[in-house]
Each structure stands twice: as C-alpha cells, then as structure tokens.
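In: With the input below, show me the fold.
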Amino acid sequence: MKPLAAAMGLLLAGCAGSGDPSSGNASGPTIVSLNPCTDAVLAEVAAPGQLLAISHYSKDPRASSMSESDAARFAATGGTVEEVIALEPDLVIASTFIAPATRNALEKLGFTVETFGAAATVDDSIAQVRRLAALAGREEAGAVLVGEIEQAIADLSADGNEIEAVLWQPGGIVPGEGALVSDLMRRTGFGSYSAKRGLAQADYLPLEQVVADPPDVLLVAGSEAGQDHPVLDTLPGLRRESFDTRLLYCGGPTIIEAAARLAEIRGSST
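Out: Predicted coordinates for the structure are as follows:
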C-alpha cells in the first residue's frame, strides 16, 4: 500500500462504488481507467477483478463507447485523486488530456500513470490494444481482440464505386480526415463529402448546405433539430441513415461494431 494512500484509503473508501463482489482476486496489476476509450478495451481484455473502476463518461450514454450492460459491470469514478486513492490500484490509465495537477498528485503518491491519446486510424487503435493488454499482463487476451478487429476490417472489402457520404455528428459538426471514424468510412468505400468541400475536424455543417448540396448518403449521429428536419425528406436521391454515437470516437472493440454498421449501410447503397 502506498504511503499516505493507506490512510486516505480508509477515509475515502466509501467514495467509489465497488466492483463485482464475485469477481475474486485480480490476475495482474489492478487498474483504474479514467479514459472512456481505454475503458472499452480494458473491459474486454482485463481479467475478472482486475479493472477496479472505469470513467464516469462510460456510464453516460451520450459519451460512452460501451453498452449500458457492459458499463454496469464496473464501478466508476469522476477522475479525482481521492477516488483513485480509495481504490488503491497498481496502475492508473488516463487520457493524454489528464490535468497536470491530477497526474502530478497521483505520481507523488506513488501511483503509476499511463496515458493514451485518441486513435486516428485502425492501425493506431490496434497498437493501443496491444499496449493496454501488455500493461495489464494480458497479452493473449489482447491478441484475441486484435484478431477480431483485423477480421472485421478484412470483411469490409468495399468493392465498386466510391459513394459520397457525410457523417453529421452531435452539434451538427463533421469529423476531420484524421479521425478514426473517417478511416473506417474510407475502408468501407465512402468518399468524404466534407473533405471535398473544405470542412475540417469539428466544422459545422449547416442544414442549408445539406439541402443545397446533398451527399449521396447522410449519416446522422446527432439529435439537433436540423438533423431531423422535414425538408430532408424532400431531397431526391438522398439516403439518410442513423449512426450510433457510441461508435464515433473510440477504437478497440468499437471498431468491430462501427465497421459492421458502415458495411451494412454501404451494402444497401449499391
């Protein structure tokens, strides 16, 4: 037990929910994940009882990349130093955007902190899965997940002409070409409507532009008023398809479901 962490742990043990009481002892280092994308990977590769808590984002359907049932298997924290101390993990996994003060405090208390950025491509995500699995001492489980991701990508095999599509995200914005979901769209045979019109990461796509210059396929992953406007029903040749917000931002197991959904949409467009 870390110095000071022991005393703080006794005082703060009630701050975070407990994990599955039937999970038994963890195999490998115990982990607290503060990053919703690493939450999803670790939920797949960690041994029972090893993942002590996930981030609070994974409990929020608007921000989670996990299903509600998967997220419910784990306790969650708000990412505070006090909550981490109470859980006494061997390893803290965080985003590269972790507050410097939080990271410094954790490291001064003796916790090991590893950070992960957003995966921009499928290859980036596979590398992150392998790194997370290695940190958890679960290389074999990581290899299984990597194999499933690679098989999902191999099954895409988008033949035929490129179909112009735009992904309309929450807030009416579009992803940049450096986003993981954009890599998946390219692999599925979709051409980027937004890139061809000079729209970059998080640029706003107004309804008026969609009406005046519609794509072949409009992937709607938001709930803005304009994204469900009746005028969209009047545009000849425009196909509208829903895209789950859970599939937008993270890699790992999310890639498998996102690739399948894009392939389904692509297949019905030919």
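In: Can you show me the strands along the protein?
Out: 31-33, 51-55, 75-77, 91-95, 112-116, 163-168, 190-192, 217-220, 239-242 (DSSP state E).
In: Name every strand pairing with the third one and say which way it goes.
Out: Strands adjacent to strand 75-77 in the sheet, as given by DSSP bridges, are strand 51-55 (parallel).
In: got a list of contacts for the partner strand?
Out: Outside strand 51-55, the residues within contact range by CB atoms under 8 Å, 6 or more residues apart in numbering are 16-17, 19, 30-36, 39, 42-43, 66, 71, 74-77, 79, 83, 87, 89. Placement of C-beta: from N, CA and C, glycine included.
In: Residue 218 - nearest residue in space that isn't next to it in sequence?
Out: Of all residues not flanking residue 218 in the chain, residue 240 sits nearest, at 4.9 Å (CB to CB, 6 or more residues apart in numbering).
In: quick one: contacts for that neighbour?
Out: Counting by CB under 8 Å, 6+ apart, residue 240 has contacts 217, 218, 220, 232.
In: wait, isn't the last one in contact with residue 238?
Out: Yes: counting by CB atoms under 8 Å, residue 232 does reach residue 238; the two are 6.8 Å apart.
In: what's the overlap in contacts for these two?
Out: residue 218.
In: any idea of the pLDDT on the residue nearest to residue 218?
Out: At residue 240, the predicted lDDT confidence score is 96.
In: And it, how far from residue 209?
Out: The spacing between residue 240 and residue 209, counted by CB to CB, to the nearest Å, is 15 Å.
In: How about residue 95?
Out: Going from residue 95 to residue 209 by CB to CB gives 32 Å.
In: Mind checking which of those two has more residues around it?
Out: Using other CB atoms under 10 Å, the more surrounded residue of residue 95 and residue 209 is residue 95, with 18 against 14.
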